[in-house]
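Undergrad: Predicted model follows, preceded by the sequence.
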Amino acid sequence: MIGLAKLAPGAGALELAERPERDPGPGEALLEVHGCGVCGTDLHIEAGEYASAPPLTLGHEVSGVVAAVGEAVDEAWLGARVVCETFFSTCGRCRWCRDGRVNLCPERRSIGTHVDGGFAPRLVVPARNLHRIPDWLGAHAAALAEPLACICHTLLDPAVVVPGDRVLVAGPGPMGALAAQVARALGGEVLVAGLPADAARLAAAAELGFATTDERPERDAFDVVVEASGSAGGVRACLDAVARGGCFAQVGIAGRDVTIRFDLVLTKELTVATGFASTPRAWRHAIAMIERRDVALDALVTEVAPLAAWERVFADLRASRGMKVVLDPRL
C-alpha cells in the first residue's frame, strides 16, 4: 500500500512510498483508516526537529473501522468505528509503566514516530488501545480525539482550572481551540490570544463563543495560562500574563531551545503543568467529554485532503492557514 513515510533521518525525506502490510497478530487489530489528522509533531518530524525512527509511516491522530482482529481479541470489535491511543508498546516493567504513566516509559514505541502510523489505508494497533466513538461523530472529526486526549492529560489530570478562573490560551490553532473548550467545560472564563496573522483562527475561536485578542495579553491577570503556540514569544507572553500563584500549562512544542525569564516561576510561585502525549486515563476523560458534547470537534476540521496533497497541506499549516486538516487515504 502507499503511505506518507519518513524515509531517512534529518530534514525532509518525507514522501509517498510503498509501505509494508501485515495481518494483526495476537492482541492486535487491523484498522481501515478513514481519517488521520496532521499534527504539529508531524511537521517537526518532517523538519528533523522531533526524534523518529525512519523508515516509517507518519500519522497518529487516527480514526477508522476495525477490519480484522488477531488471536485473543473479542470479535465484537469487527466493524466498530474507533479511535486509538498512540502507544504501540512499552516495557511494562519500569516505574512509570507500573504507575500507569505509560507515556513516560523510556522504551515506549508509538505509532507515527517509532512504528508505522495512520497516513496509509490500513494500520495495525494493539486492540487494548481502541475506543469506540458515538454514531453521530463524523470520522474526520473523530481524528481530533487524540489531541483532545493530550489536552485532557495536561489540564485534567489533575484539573488545573476551577470555576471562575481567568484563563488565557495563547495560540489559536487546533490545540489551543481544544484547550479553550476543555478550560471552559471546567468553568474557566477563557480568552484566546494570537497574532494579527492568526485572524482566521481567532475568528474560528470566536465562532466557538470565545473572547479573542491579537494584542499582548494583560500582565499578571490570569489564574491559568495555557501556552499552545509552541513559540518563544508565546511562552514569554504567558509567563508575563499569569498572576502570582497561578498555573502555567505548556501544550505547544517548540522543537528548539527557548530563552525565558525562568525566575518568574520562582518569584510568582507558579505551578507548572505539562503533559507529554496522553495516558489511558486521559483518553477516558476525552471520550467522556466527546460523549457529553462538551467539545466541538467538527468545527475544527477545515479541510479533508488526500495523501497526495501532503506537501501543500504541510505548507499551509506551517503558515497557519486553516485549522485542522485531516488526511483521508480513501480519497
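TA: On my side now, so go ahead.
Undergrad: Tell me where the stretch 101-250 of the chain has helices.
TA: With DSSP state H, counting those that start in this stretch applied, the stretch 101-250 of the chain shows helices at 139-142, 145-155, 174-185, 199-207, 232-241, listed in chain order.
Undergrad: and the ones you listed as a markdown table, adding mean neighbour count, distance to Gly255 and mean pLDDT?
TA: (Each C-beta comes from the backbone N, C-alpha and C, glycine too.) Formatted as a markdown table, the helices of the stretch 101-250 of the chain follow (neighbours: other Cβ atoms under 10 Å; distance: least, Cβ to Cβ, whole Å; pLDDT from 0 to 100):
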| stretch | mean neighbour count | distance to Gly255 | mean pLDDT |
| --- | --- | --- | --- |
| helix 139-142 | 23 | 26 | 98 |
| helix 145-155 | 27 | 16 | 97 |
| helix 174-185 | 26 | 14 | 97 |
| helix 199-207 | 17 | 19 | 96 |
| helix 232-241 | 20 | 11 | 96 |
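Undergrad: So for Val301, which of the ones you listed sits nearest?
TA: helix 139-142 (5.3 Å; Cβ to Cβ).
Undergrad: so what secondary structure elements neighbour that closest one?
TA: Contact analysis of helix 139-142 by 3 or more Cβ pairs under 8 Å, 6 or more residues apart in numbering; DSSP states H and E lists strand 28-37, strand 61-69, strand 81-84, strand 301-305 as its packing neighbours.
Undergrad: Paired strands for the longest one, with orientation please.
TA: Spelled out, it's strand 28-37. Paired neighbours of strand 28-37 in the sheet (DSSP bridges): strand 61-69 (antiparallel), strand 122-126 (antiparallel), strand 324-327 (antiparallel).
Undergrad: same deal with the third one?
TA: Each strand that pairs with strand 81-84, with its direction, by DSSP bridges: strand 61-69 (antiparallel), strand 130-132 (antiparallel).
Undergrad: any idea which of those is most buried?
TA: Greatest average neighbour count among those goes to strand 61-69 (a mean of 24), per mean count of other Cβ atoms under 10 Å.
Undergrad: With the flanking residues excluded, which residue is spatially nearest to Gly48?
TA: Leaving aside its sequence neighbours, Gly48 sits nearest to Ala11 (Cβ to Cβ, 6 or more residues apart in numbering; 4.0 Å).
Undergrad: my bad, should have said Ala241
TA: That would be Pro217: by Cβ to Cβ, 6+ apart, it lies 4.2 Å from Ala241.
Undergrad: dump the residue contacts of His60.
TA: Contacts for His60 (Cβ atoms under 8 Å, 6 or more residues apart in numbering) come out as Cys36, Cys39, Thr41, Thr86, Ser110, Ile111, Gly112, Thr113, Gly117, Gly118, Glu146.
Undergrad: Quick one: buried ones out of those residues?
TA: Neighbour-count burial (16 or more other Cβ atoms under 10 Å) applied to the contacts of His60 gives Cys36, Cys39, Thr41, Thr86, Ser110, Ile111, Gly112, Thr113, Gly117, Gly118, Glu146.
Undergrad: From the residues you listed, pick the one nearest Ala177.
TA: Closest to Ala177 out of the buried ones among the contacts of His60 is Cys39 (13.8 Å), distances taken as Cβ to Cβ.
Undergrad: give me every residue that touches that closest one.
TA: Applying Cβ under 8 Å, 6+ apart to Cys39 gives the contacts His60, Glu61, Pro147.
Undergrad: Tell me if I'm right that Gly25 and Gly70 touch.
TA: Yes. Here Gly25 lies in contact with Gly70, judged by Cβ atoms under 8 Å, at a distance of 4.9 Å.
Undergrad: Between the two, which is the more surrounded one?
TA: Taking other Cβ atoms under 10 Å, Gly25 and Gly70 do not tie; Gly70 has more neighbours (16 against 13).
Undergrad: Per-residue pLDDT of the more buried one, please?
TA: The per-residue pLDDT reported for Gly70 equals 98.
Undergrad: cool, and Ile253?
TA: At Ile253, pLDDT is 85.
Undergrad: Check the secondary structure at it for me.
TA: Here Ile253 is recorded as coil under DSSP: H, G, I helix; E, B strand; the rest coil.
Undergrad: thinking again about what came up before, okay if I get the helices of the stretch 101-250 of the chain as CSV plus distance to Arg132?
TA: CSV is the format used below for the helices of the stretch 101-250 of the chain (distance: least, Cβ to Cβ, whole Å):
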stretch, distance to Arg132
helix 139-142, 10
helix 145-155, 11
helix 174-185, 20
helix 199-207, 28
helix 232-241, 35
